[in-house]
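Colleague: fold the following.
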Amino acid sequence: MKINVGLICGGQSPEHDISLFSVKNVEAAIDKNKFNSFIIKIERDGRWMYQEQELSLNPGAGKKFLHYKNKPDQYLELDIVFPILHGPNGEDGTIQGLFELCGIPYVGSGVLGSAINMDKDVTKRLLRDAGIAVAKFLVFYDHEKNQSSEKHKLNYKNIIAELGSPFFMKPANTGSSLGVHKIKSESQFETALEEVFQYDQKIILEKYIPGREIETAVLGNTELSMGIPGEIIPHHEFYTYEAKYFDENGATVEVPAKLAPNIVTELQELSMRAFKILCCDGLARVDFFLTPHGEIILNEINTLPGFTNISMYPKCWEAAGLSYSELIGKLIHLGLEKHR
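Modeller: Numbers count the residues shown, from 1 in each chain. Down below sits the predicted model:
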C-alpha cells in the first residue's frame, strides 16, 4: 500500500518563493510507486490550500487533520507530512508544534531542534559552550538601535573594536541569506541597520572569517550517516540570496569539495556531533568555514535545507550514491520511524 505524503509548501515567511521552488523538485522526484503526494500550499495570508480548495485544521485528528473548509465531512487522509518550508513559521518549531498537536508524523527536527537551529544566537551559544569553534559574535535587539549615546554598544566604532572590519550583520532568525550584509563602513552600517531590523527584532553581528565555504549533509535520527561535503565558491562578496536562487553566475558549487581525507573526516565528525548537541532529527545541512590555516569554524545548521535543483543537500547525497528519489524516500521513512 502506498504512503500518503502531504508536501507542505509556501508559508508566511520571506522565503515563501524558495519553498515553492523546492516543492516542485520534491514532487517530481518522489517515487510514485511507493508514495502518493499531495501538495498543500500555505498562502502568504495563512490560508491552507489544496488544488484551489481551502482547508481547515482539525487538531488531534491524526491522519484526518486537514478537512475541506466548505465540505467539513470530507478530508485529506495523510500518513505523514513533509514541511518543505523555510524561515519563520516553517522551520522554527511553530509548525512542528502544530503537527504534534494534530497528531500527524512529519519529516525533520522536532519543536526544540527546529527552534534552536533557527535562532543563530542560540545555536552559536550552544555550540560554543560545547567546545565547537564558531565565529566571534555580538547580539542586539531592536530597542537598542534608538539609543544614541556614543558610549552605547550598538555603535559602529565599538563594534569594529570587538569584531574588526569587515563584519557581517544578519537577522537572527532568517535563512537563505535574507537581510545579510557585509559591513565595510559606518555609512553602510547605518543603512543596513534599518533593513535588517525589518526581518527580525534580534540581530547578530559576526566576525568575518576568510576561507572556504564547505557544507555537509547529515541523515538519520539516532544512527547518522553523512553525505559527501560540497563547496560553495561565491562569485560576489558572499553567497547572497540573489546568488543562491536567481543569479546563474552567482556561485560555483563543487561536489565533492577538494579536501584532504583528514579534513573530510573532521568535518563529518563535527557535523554529527553538532547534530546531536542541537537536538536535530532526520536531516540537516551543516555549514562551515575552512580557513587558510586549516581551522574549521561552524557557521550554522539548517534543519530544512533547500531542495531546489541547485541545492547543496541533495547534491551531497547524490555524490554519495543516493539519488534524489531515494533520499526523499529515506526522509519520509525516518519521519515515520520517529513518530511510531
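Colleague: quick one: least confident helix or strand in the protein?
Modeller: Least confident element among the helices and strands of the chain, by mean pLDDT, DSSP states H and E: helix 241-245 (a mean of 51).
Colleague: the helix or strand just after that one pairs with which strands?
Modeller: The helix or strand immediately downstream of helix 241-245 is strand 251-254, counting by DSSP states H and E. Strand 251-254 has the following sheet partners, assigned by DSSP bridges: strand 230-234 (antiparallel).
Colleague: how far is the strand it pairs with from where the chain is centred?
Modeller: 17 Å (C-alpha atoms, centre = their mean, to the nearest Å).
Colleague: how about residues contacting it?
Modeller: 212-216, 239-240, 243, 250-259, 312, 315-316, 319 (C-beta atoms under 8 Å, 6 or more residues apart in numbering). Just so you know, the C-beta spots here come from the backbone N, C-alpha and C atoms, and that holds for glycine as well.
Colleague: tell me the centre residue of the chain?
Modeller: residue 302 (3.3 Å; C-alpha atoms, centre = their mean).
Colleague: for that one, give me its contacts.
Modeller: So residue 302 contacts 91, 117, 175, 284-287 (C-beta under 8 Å, 6+ apart).
Colleague: please narrow those residues to those residing in strands.
Modeller: 284-287 (DSSP state E).
Colleague: tabulate the residues you listed (CSV), appending distance to residue 32.
Modeller: Formatted as CSV, these follow (distance: C-beta to C-beta, whole Å):
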residue, distance to residue 32
284, 27
285, 26
286, 31
287, 33
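Colleague: a markdown table please, covering those residues and showing distance to residue 179 and neighbour count.
Modeller: Putting the ones in strands among the contacts of residue 302 into a markdown table (distance: C-beta to C-beta, whole Å; neighbours: other C-beta atoms under 10 Å) gives the following:
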| residue | distance to residue 179 | neighbour count |
| --- | --- | --- |
| 284 | 22 | 27 |
| 285 | 19 | 23 |
| 286 | 21 | 28 |
| 287 | 17 | 19 |
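Colleague: which intervals of the stretch 101-250 of the chain have sub-threshold pLDDT?
Modeller: Within the stretch 101-250 of the chain, the stretches with pLDDT under 70 are 145-152, 175-176, 236-250.
Colleague: at 50 instead, please
Modeller: Within the stretch 101-250 of the chain, the stretches with pLDDT under 50 are 239, 243.
Colleague: all the strands of it, residue numbers only.
Modeller: For the stretch 101-250 of the chain, the strands defined by DSSP state E, counting those that start in this stretch occupy 137-141, 167-171, 181-183, 202-207, 212-220, 225-226, 230-234.
Colleague: name the helices or strands packed onto the fifth one?
Modeller: Spelled out, it's strand 212-220. Applying 3 or more C-beta pairs under 8 Å, 6 or more residues apart in numbering; DSSP states H and E, we find strand 212-220 packed against strand 225-226, strand 230-234, helix 261-277, strand 282-290, helix 312-319, helix 324-338.
Colleague: that one pairs with which strands, parallel or anti?
Modeller: strand 225-226 (antiparallel), strand 230-234 (antiparallel), strand 282-290 (antiparallel).
Colleague: of all these, which one is nearest residue 14?
Modeller: Across the strands paired with strand 212-220, residue 14 has its closest neighbour in strand 282-290 (19.1 Å, C-beta to C-beta).
Colleague: circling back: ok, the ones in strands among the contacts of residue 302 vs residue 101, which is closest?
Modeller: Each of the ones in strands among the contacts of residue 302 was scored against residue 101 by C-beta to C-beta, and residue 284 proved nearest at 23.8 Å.
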